[in-house]
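>>> sequence first, predicted model second:
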Amino acid sequence: ENWNRDPAEVAALMKIFLRYCDELRKEALKRNIKICVLSTDTTRIPSNVKSAMKRMVDETAHCKDGLTLNICLSYGSRGEIVNATKSLCECKEEITEENLSKHMLLNDPDLLIRTSGEMRISNFLLWQLAYSELFFIDKAWPAIEKDDLLHVIRSFALGRNRRFGK
């Protein structure tokens, strides 16, 4: 849906992303971090951004025993579900939750931190968040500090009883 924002704002966001791609790639290589870019519609991404994304992904692909950084760009969860369903049908696999999950871009995360005081998930990982723990922080992302993250980690580790629907 963010493609529906003012074109100048979209262009500025693409410019910011492009500006940090090389820096992010270099830092990921130093720290053995694999970068994945998850997208449900690449047709609207400018070609220079696509090239920078491809370079980040390709050059960090060998970093398999470290962390993985997933970047969602031009991503919508409803689109992901539609794409996964189409893929499942093309493979002529039985339509089950397990098979559909195999065609999604990302596995189920244990937790999601939503910043900026918003109390919604905004078409983000709708399928995968079914049993994830959700934390809401009333700060914009740039204002998040180490103590905020430590609070979430401690709350997740000590204060949550995960039942996975049982």
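Thanks, I have the structure now.

>>> any buried residues in the lengthiest helix in the chain, and which?
What stands out as the longest helix in the chain, according to DSSP state H, is helix 7-30. The neighbour-count check on helix 7-30 (16 or more other CB atoms under 10 Å) flags Met14, Phe17, Cys21, Leu24, Arg25, Ala28 as buried. C-betas here are computed from N, CA, C, even on glycine.

>>> how about these in TSV, adding distance to Leu129 and pLDDT?
As requested, these are exported to TSV (distance: CB to CB, whole Å; pLDDT from 0 to 100):
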residue	distance to Leu129	pLDDT
Met14	27	93
Phe17	24	90
Cys21	27	92
Leu24	25	94
Arg25	28	95
Ala28	25	95
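
>>> and of these, the nearest to Met53?
Of all the buried residues of helix 7-30, Met53 sits closest to Cys21, with 6.9 Å by CB to CB.

>>> wait, that closest one touches Lys50, no?
No. Using CB atoms under 8 Å as the test, Cys21 is too far from Lys50 to be in contact (10.6 Å).

>>> which parts of stretch 50-68 are buried?
Ala52, Met53, Met56, Thr60, Cys63.

>>> same check, this time on stretch 40-53
Buried, per 16+ other CB under 10 Å, within stretch 40-53: Thr40, Ile45, Val49, Ala52, Met53.

>>> repeat that for stretch 123-142.
Under the neighbour-count criterion of 16+ other CB under 10 Å, stretch 123-142 has Leu125, Trp127, Gln128, Leu129, Glu133, Phe135, Ile137 buried.

>>> also stretch 96-112?
The neighbour-count check on stretch 96-112 (16+ other CB under 10 Å) flags Leu100, His103, Met104, Leu105, Leu106 as buried.

>>> count of neighbours near Ile121?
14 (other CB atoms under 10 Å).
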